[in-house]
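# Have a look at this prediction, sequence included:
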Amino acid sequence: MTTKVVEVLAKILDGLNKNISLEDVNSIINEEKKFDKQTISAAFSLVYDKIATNRLLNELENRNVKRGVRIFSADEIEIIGIEFYNYLIFLQNIGLIEYTDLEILIEQILLFPTERITLEDINWLVLVSLVDYDSKILPGSRVTLFSTDTIN
């Protein structure tokens, strides 16, 4: 099931990267009939919960201080690649990953044993950053539902 959720998540992220709305991405995925509704719901829940959690935390912490912009070094851009650099910045801009998540993702990517990172590798790392089992998960979050529960 986890692999299928990652595949759906990759399609969602790819759609967002192409500026396709989440509703349209959902329609496209459903038309393919490759994944069951439960898997699709779980992937969308991860995305929505992460965005909602980040917004709630920002409001609770009352962050009025402007945050700086992360500037990648030439070595980081060479290892990550300009396409994936833009992809990570895009995910940060839409609120799917926070500044600290970006730092952790970059650190993990730089430690990857392969010479060239792939989109699948980055999507796996993003999935890991979405599933945060600290106290940041909202009470009643879809992330905490069992895989057999249904989401309306």
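Received, thanks. Numbering: from 1, shown residues only.
# When you work out contacts or count neighbours from here on, use the C-alpha atoms and nothing else.
Will do.
# What pLDDT does the model give the most centrally placed residue in the chain?
In the chain, the centroid-proximal residue (C-alpha atoms, centre = their mean) is Val126; its distance is 4.6 Å. Predicted confidence (pLDDT) for Val126: 81.
# next one: the one 5 residues further on
Among the per-residue scores, Val131 shows a pLDDT of 66.
# Same question for Glu120.
pLDDT, Glu120: 80.
# cool, and Ala43?
The predicted local distance difference test score for Ala43 is 84.
# For it, the count of nearby residues, please.
25 (other C-alpha atoms under 10 Å).
# Hmm, it is touching Val5, no?
Yes - counting by C-alpha atoms under 8 Å, Ala43 does reach Val5; the two are 5.5 Å apart.
# What's the first helix or strand after the worst-scoring helix or strand of the chain on mean pLDDT?
Lowest by mean pLDDT, DSSP states H and E among the helices and strands of the chain is helix 37-61, with a mean of 76. Counting by DSSP states H and E, the next helix or strand C-terminal to helix 37-61 is helix 74-80.
# how many other residues sit next to Lys18?
9.
# Please apply the same query to Leu96.
Every residue meeting other C-alpha under 10 Å relative to Leu96 is counted, giving 23.
# right, and it touches Ile51 too?
Yes - the criterion here is C-alpha under 8 Å, and Leu96 meets it with Ile51 at 5.4 Å.
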